[in-house]
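> Just a sequence and a predicted model for now, questions to come.
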Amino acid sequence: MHPESYFVVEKMARNLNVQLDRIAENPARFGSVDLSEYVTETIGEPTLRDIISELEKPGRDPRPNSATQPSRRM
């Protein structure tokens, strides 16, 4: 997750009464969030869905495998 998205996660956690250091204990709570409450001029619903996905599955890399593996040149 990008640092510019941290404020959104903090706001969601506050609204759900979840401490930031306890988000990983119950990530399913974020699935019930009304994303329209968090849309801003710079963060739309698709980005918010990505954030929720990351909270539910931390460490997942959404890039295609080729983006994370070095290219092989001959």
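Nice, I can see it. Numbering: from 1, shown residues only.
> nearest spatial neighbour of the most centrally placed residue in the chain, skipping sequence neighbours?
Nearest to the geometric centre of the chain sits residue 51, at 1.9 Å (Cα atoms, centre = their mean). Spatial nearest neighbour of residue 51, chain neighbours left out: residue 5 (5.5 Å); criterion: Cβ to Cβ, 6 or more residues apart in numbering. Where you see a C-beta, it was placed from the backbone N, CA and C, and this is true even at glycine.
> buried set for the longest helix anywhere in the chain?
Using DSSP state H, we find that the single longest helix of the chain is helix 45-56. Within helix 45-56, the residues that qualify as buried are 47-48, 51-55, counting by 16 or more other Cβ atoms under 10 Å.
> so how far is residue 44 from the closest residue in space to residue 26 that isn't next to it in sequence?
In this structure, residue 26 finds its nearest non-sequential neighbour in residue 18, 7.0 Å apart by Cβ to Cβ, 6+ apart. Using Cβ to Cβ, to the nearest Å, residue 18 is found at 23 Å from residue 44.
> okay, the two: which has more neighbours?
Using other Cβ atoms under 10 Å, the more surrounded residue of residue 18 and residue 44 is residue 18, with 17 against 12.
> And the helices in this protein?
According to DSSP H, the helices that the chain contains are 6-15, 45-56, 65-68.
> residues in contact with the longest helix of the chain?
Surrounding helix 45-56, the residues in contact under the criterion Cβ atoms under 8 Å, 6 or more residues apart in numbering are 1, 5, 8-9, 23, 27-28, 30-31, 33, 35-36, 38-39, 60, 62.
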